[in-house]
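*Asks:* Pasted the sequence and its predicted model underneath.
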Amino acid sequence: DSGVTQTPKHLITATGQRVTLRCSPRSGDLSVYWYQQSLDQGLQFLIQYYNGEERAKGNILERFSAQQFPDLHSELNLSSLELGDSALYFCASSQGALGANVLTFGAGSRLTVL
Amino acid sequence: AQKITQTQPGMFVQEKEAVTLDCTYDTSDPSYGLFWYKQPSSGEMIFLIYQGSYDQQNATEGRYSLNFQKARKSANLVISASQLGDSAMYFCAMRERQGGSEKLVFGKGTKLTVNP
């Protein structure tokens, strides 16, 4: 157990729907990162939050949004889902700035869009 | 432009032998960090080893060592005495600065298969 908790582990939904993925970071970690892993694109950085504030944005679609709450848990919202959004979504956390700090990953949420 | 390149989509090794997984990177930032992660078939991402750009010695963690050649911009992972449980995807990643923050950029990965 890495200490980063992601729910749900698996999610099957239909095109056009909206889903929310949840992440609780490791105790003491202030930064949360979201990554998308698909077969064709590999591991893509989506977005980072630090202590409730957005810090960096990557290849995140406009249909996707995220936030980090005062208790430091984070949610990734995916809307108007398309077949191509099917992927493994990882949340990772670190204490603060990366530096030599390791990103600790959760087990991932596997999204299947039918 | 791809910043992390892993040229070996798949590698095979016999149990108990050593194997080297290649990784080259591209950056103009003098301060950077390189990471290796393992992803078994169960899907989780497991941190293996870290090398900072200013570290004088190559990093080692148990059976894992990093062959860091700064001038060649390569950071190859060496696994000694391979075990069946080492069969997995291996990802090289680089810490990249973006504005006031940092993120990890990953390579496409190498699938390692350890044969008995």
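*Replies:* Great, that's in hand.
*Asks:* How about the residues of chain B by chain A?
*Replies:* B:33, B:35, B:37, B:43-47, B:50, B:52, B:91, B:95, B:98-109 (Cβ under 8 Å from any Cβ of the partner chain). In this view, the C-beta of every residue, glycine as well, is placed from N, C-alpha and C.
*Asks:* just the buried members of the residues you listed?
*Replies:* B:33, B:35, B:37, B:44-45, B:47, B:50, B:91, B:95, B:101-109 (16 or more other Cβ atoms under 10 Å in any protein chain shown).
*Asks:* Report all helices and strands that the lowest-mean-pLDDT helix or strand in chain B contacts.
*Replies:* Ranked by mean pLDDT, DSSP states H and E, the weakest helix or strand in chain B is strand B:101-106, scoring a mean of 85. On a contact count with 3 or more Cβ pairs under 8 Å, 6 or more residues apart in numbering or on different chains; DSSP states H and E, strand B:101-106 meets strand A:31-38, strand A:42-50, strand A:53-57, strand B:88-98.
*Asks:* for the longest one, which positions count as buried?
*Replies:* Looking back up the chat, that one is strand B:88-98. By neighbour count with 16+ other Cβ under 10 Å, strand B:88-98 contains the buried residues B:88-96.
*Asks:* now do the third one
*Replies:* With burial defined by 16+ other Cβ under 10 Å, the residues of strand A:53-57 counted as buried are A:55-56.
*Asks:* Strand partners (parallel or antiparallel) of the following helix or strand past that strand?
*Replies:* Next in sequence after strand A:53-57, counting helices and strands by DSSP states H and E, comes strand A:64-68. Here strand A:64-68 has these sheet partners by DSSP bridges: strand A:74-78 (antiparallel).
*Asks:* ok, whichever helix or strand comes after the strand it pairs with near chain B or not?
*Replies:* Downstream of strand A:74-78, the next assigned helix or strand under DSSP H and E is strand A:87-94. Yes - applying Cβ under 8 Å from any Cβ, one finds strand A:87-94 touching chain B at A:88, A:90, A:92.
*Asks:* Would you point out which residue is most central in chain A?
*Replies:* Nearest to the mean C-alpha position of chain A, by Cα atoms, centre = their mean, lies A:W34 at 3.2 Å.
*Asks:* For that residue, which non-adjacent residue is closest in space?
*Replies:* Among residues not flanking A:W34 along the chain, A:L46 sits closest, at 4.2 Å (Cβ to Cβ, 6 or more residues apart in numbering or on different chains).
*Asks:* Help me confirm that the one you found comes into contact with A:S38.
*Replies:* No - using Cβ atoms under 8 Å, A:L46 makes no contact with A:S38, being 11.8 Å away.
*Asks:* any common contacting residues for those two?
*Replies:* Jointly contacting A:L46 and A:S38 under the rule Cβ atoms under 8 Å, 6 or more residues apart in numbering or on different chains is no residue at all.
*Asks:* so what's B:G10 up against?
*Replies:* Taking Cβ under 8 Å, 6+ apart, we find B:G10 in contact with B:110-113.
*Asks:* just to revisit the earlier point, outside of the least confident helix or strand of chain B, which residues touch it?
*Replies:* Outside strand B:101-106, the residues within contact range by Cβ under 8 Å, 6+ apart are A:33, A:35, A:42-43, A:45, A:48, A:50, A:55-56, A:58, A:97-99, A:103, B:3-4, B:35, B:37, B:91-96.
*Asks:* Please apply the same query to stretch A:43-58.
*Replies:* Under Cβ under 8 Å, 6+ apart, the answer for stretch A:43-58 is A:30-38, A:59-60, A:64, A:66-70, A:72, A:74, A:76, A:90, A:96, B:91, B:98-106, B:109.
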